[in-house]
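Chemist: model this:
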Amino acid sequence: MITITEFQKIGVGITGFGIFFVLFGILLYFDSVLLAFGNILFLAGLAIIIGLRRTFTFFFQRPKLKGTSFFLGGILVVLFRWPVIGMILETYGFVTLFKSFFPTVFGFLGTISNIPGLSKFFQHYAENGSAV
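Modeler: Numbering: from 1, shown residues only. Okay, here's the model as predicted:
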């Protein structure tokens, strides 16, 4: 099993707060201050979790430069108080950067149906085609 240091646990918390602030900023009609704060916390938490060198090498690999430029450019546009355009740029950059992780995430979500309460919900949803 993978051991997680206390420092990495703090990084997970900071990343979680970053995601929370981004989602809360979107919920409050693209509040640029919350979005900027969330972006900064997300990047800081990611750097704490995997380290500064790994973060830098992840974002600045040659095949990922396009995604990195859109993601960091979107953050910069949000900081300049154009949140809708910045979030569109960030979303495109995020999808481009992390597209290699999506099959793993969807595979994990597929195993959630093995959880007793959720499997009944998914079976009911699949049979009726309605969640209500």
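Chemist: Could I get the full set of helices for this structure?
Modeler: In chain order, the chain shows helices spanning 6-27, 32-50, 52-59, 65-79, 83-98, 102-111, 116-128, with DSSP state H as the criterion.
Chemist: quick one: buried residues of the shortest one?
Modeler: Buried residues in helix 52-59, defined by neighbour count with 16 or more other C-beta atoms under 10 Å: 55, 59. Heads up, the C-betas are built off the backbone N, CA and C, glycines and all.
Chemist: picking up where we left off before, Throw the helices of the chain into CSV and include mean pLDDT, thanks.
Modeler: As requested, those are arranged in CSV below (pLDDT from 0 to 100):
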stretch, mean pLDDT
helix 6-27, 94
helix 32-50, 94
helix 52-59, 93
helix 65-79, 95
helix 83-98, 94
helix 102-111, 67
helix 116-128, 61
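Chemist: per the record, what domains does this structure have?
Modeler: Following automatic domain parsing, one gets these domains for the chain: 6-100, 101-132.
Chemist: In space, not sequence, find me the middle residue of this protein.
Modeler: In the chain, the C-alpha nearest the mean C-alpha coordinate belongs to residue 19, at 6.5 Å (C-alpha atoms, centre = their mean).
Chemist: Can you name the residues that contact that one?
Modeler: Neighbour list for residue 19: 38, 42 [criterion: C-beta atoms under 8 Å, 6 or more residues apart in numbering].
Chemist: still on that earlier bit, any idea which of the domains of the chain is most buried?
Modeler: Of all the domains of the chain, domain 6-100 has the most neighbours on average by mean count of other C-beta atoms under 10 Å, namely a mean of 16.
Chemist: first to last residue in it, what's the distance?
Modeler: Taking C-alpha to C-alpha, to the nearest Å, the span from the opening residue of domain 6-100 to its closing residue is 28 Å.
Chemist: Report the distance from it to the chain centre.
Modeler: Counting by C-alpha atoms, centre = their mean, to the nearest Å, domain 6-100 is centred 7 Å from the centre of its parent chain.
Chemist: Stretch 86-104 now?
Modeler: Stretch 86-104 has its C-alpha centroid displaced from the chain centroid by 8 Å (C-alpha atoms, centre = their mean).
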